[in-house]
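Trainee: Pasting the sequence and the predicted coordinates here, then a few questions.
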Amino acid sequence: MAYRITDRCAKCGSCEPMCPVGAISFNGEKYVIDKKQCASCGMCANVCPVGAPEPDEN
Ligand code: SF4
Ligand code: SF4
């Protein structure tokens, strides 16, 4: 199971450098998580000020 960044994201960028596997990137429009890389560590959710990253049930 990977994490995904929901629409609550305020695009602050805090999570990107915190991801241990570099799965988070800005695609020019929004921050996204590459679910193939995501190790589901939860670090992005921990640092996010608005709780945007959530476990992706898919
Ligand atoms: Fe990166 Fe961990 Fe967030 Fe996955 S859950 S995107 S590995 S910080
Ligand atoms: Fe978006 Fe939260 Fe990441 Fe900031 S820390 S870019 S609000 S998901």
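Mentor: Sure thing, it's come through. Nothing here was measured: the structure is a model prediction, and the numbers come from that model. Numbering: from 1, shown residues only. Ligands and ions are numbered 1, 2, ... in the order given.

Trainee: Only C-alpha atoms from now on, for both contacts and neighbour counts.
Mentor: Will do.

Trainee: the strands in this structure, which residues?
Mentor: Along the chain, the segments classed as strands by DSSP state E run 3-5, 24-26, 31-33, 53-55.

Trainee: near ligand 1, which residues of the chain show up?
Mentor: 3, 19-21, 23-24, 33, 38-44 (Cα under 6 Å from any ligand atom).

Trainee: at 8 Å what do you get?
Mentor: Along the chain, the residues adjacent to ligand 1 under the rule Cα under 8 Å from any ligand atom are 2-4, 15-16, 18-24, 33-35, 37-45, 53, 55.

Trainee: Please flag which of the residues you listed sit within helices.
Mentor: With helices defined by DSSP state H, the entries of the residues of the chain next to ligand 1 inside them are 43-45.

Trainee: out of the residues you listed, who has the most neighbours?
Mentor: With neighbours defined as other Cα atoms under 10 Å, the most crowded of those is Cys44; it has 25 neighbours.

Trainee: Does that residue touch Cys19 like I think?
Mentor: Yes: checked against Cα atoms under 8 Å, the pair Cys44 and Cys19 is within contact range at 6.4 Å.

Trainee: and Ser40, what does it touch?
Mentor: Ser40 makes contact with 1-3, 55, according to Cα atoms under 8 Å, 6 or more residues apart in numbering.

Trainee: Please pick the buried ones from these.
Mentor: Neighbour counting by 16 or more other Cα atoms under 10 Å classes 2-3 among those as buried.

Trainee: Closest one of the contacts of Ser40 to ligand 2?
Mentor: Compare each of these with ligand 2 using Cα to the nearest ligand atom and the shortest gap goes to Tyr3, at 10.4 Å.

Trainee: contacting residues around the closest residue to Lys36 other than its chain neighbours?
Mentor: The spatial neighbour of Lys36 that comes closest, neighbours along the chain excluded (Cα to Cα, 6 or more residues apart in numbering), is Ala2 at 7.7 Å. With contact set as Cα under 8 Å, 6+ apart, Ala2 has these partners: 35-36, 38-40, 55-57.

Trainee: same check, this time on Gln37
Mentor: Gln37 neighbours (Cα under 8 Å, 6+ apart): 21-23.

Trainee: For ChimeraX, write the select line for the buried members of these.
Mentor: Burial among these is assessed by 16+ other Cα under 10 Å; the matching ChimeraX selection reads:
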select :23
